[in-house]
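Asker: Structure for the following, please:
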Amino acid sequence: MLEVGDQKKFVAASPVLSRETLEKAGLGRLHSPPPLIARDAFVIDTSTKLDQLQAEMARMARDLAEMKARVAELRDDTDQTRRYYHFQESEQRTKVQKLDEMVRCCRDLKSRLDKVEAKGAGDYYAYTTFEAISKRLGELGRLEREAADLQRKVRINASLFCGTLALAFLAYLAF
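Answerer: Next comes the predicted model:
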């Protein structure tokens, strides 16, 4: 007999039975599931659809992340292409400006050459190439050097003549 005043606890180990053991003993299906009613079917269908919707949203989120990565790559490629295009445009503009400057300098040089030859009856349209202009400038440079040589020779001759006159005058005064 147990006394009420005892503070002892009754501890007994409960055996763990597997499902197979219960089925062998015929106790596996003690409780059969109750028949489904319309509300339960609706709840099951709704939860299935919600699970499918969550799976679809997860797949769409992955697809969206992939699309974002692709768009970022395309944006980088587009930016790089745009920078390269602007670089090419600036290089082309620079080349055109340099060519325009060269043409302007050549026209200026030709007009100056035409002014130099304005007194002569030369063929002014013969200087359409750089080679012809260079040749004519070489000729004018040669003429300029010859003029400078003649000027130097005239000065030497004039100084010799003045020196001779001065010696003659001194000789006249000395006699």
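Asker: Which pLDDT does the model give residue 66?
Answerer: Looking at residue 66, its pLDDT stands at 96.
Asker: Secondary structure element for it, which one?
Answerer: Following DSSP states H and E, one finds residue 66 within helix 38-116.
Asker: I'd like to know the average pLDDT value across the next helix or strand after that helix.
Answerer: On the C-terminal side of helix 38-116, the closest following helix or strand by DSSP H and E is helix 130-174. For helix 130-174, mean pLDDT is 90.
Asker: Return the angle between stretch directions for the helix holding residue 66 and helix 130-174.
Answerer: Interaxial angle of helix 38-116 relative to helix 130-174 (axes from the mean of the first three to the mean of the last three CA atoms, to 10 degrees): 40 degrees.
Asker: what's the neighbour count on residue 127?
Answerer: Other residues lying near residue 127 total 21 when counted by other CB atoms under 10 Å. All C-beta spots, glycine's among them, are computed from the backbone N, C-alpha and C.
Asker: Mark out where each domain of the protein begins and ends.
Answerer: Domain assignment for the chain by automatic domain parsing gives 37-127, 129-175.
Asker: Return the residues in contact with the most centrally placed residue in the chain.
Answerer: Of all residues in the chain, the one closest to the mean position by CA atoms, centre = their mean is residue 83, 3.1 Å from it. Under the criterion of CB atoms under 8 Å, 6 or more residues apart in numbering, residue 83 has no neighbours.
Asker: just residue 130 next, same as before
Answerer: Counting by CB under 8 Å, 6+ apart, residue 130 has contacts residue 106.
Asker: let's go with 6 Å and repeat that
Answerer: By CB atoms under 6 Å, 6 or more residues apart in numbering, no residues touch residue 130.
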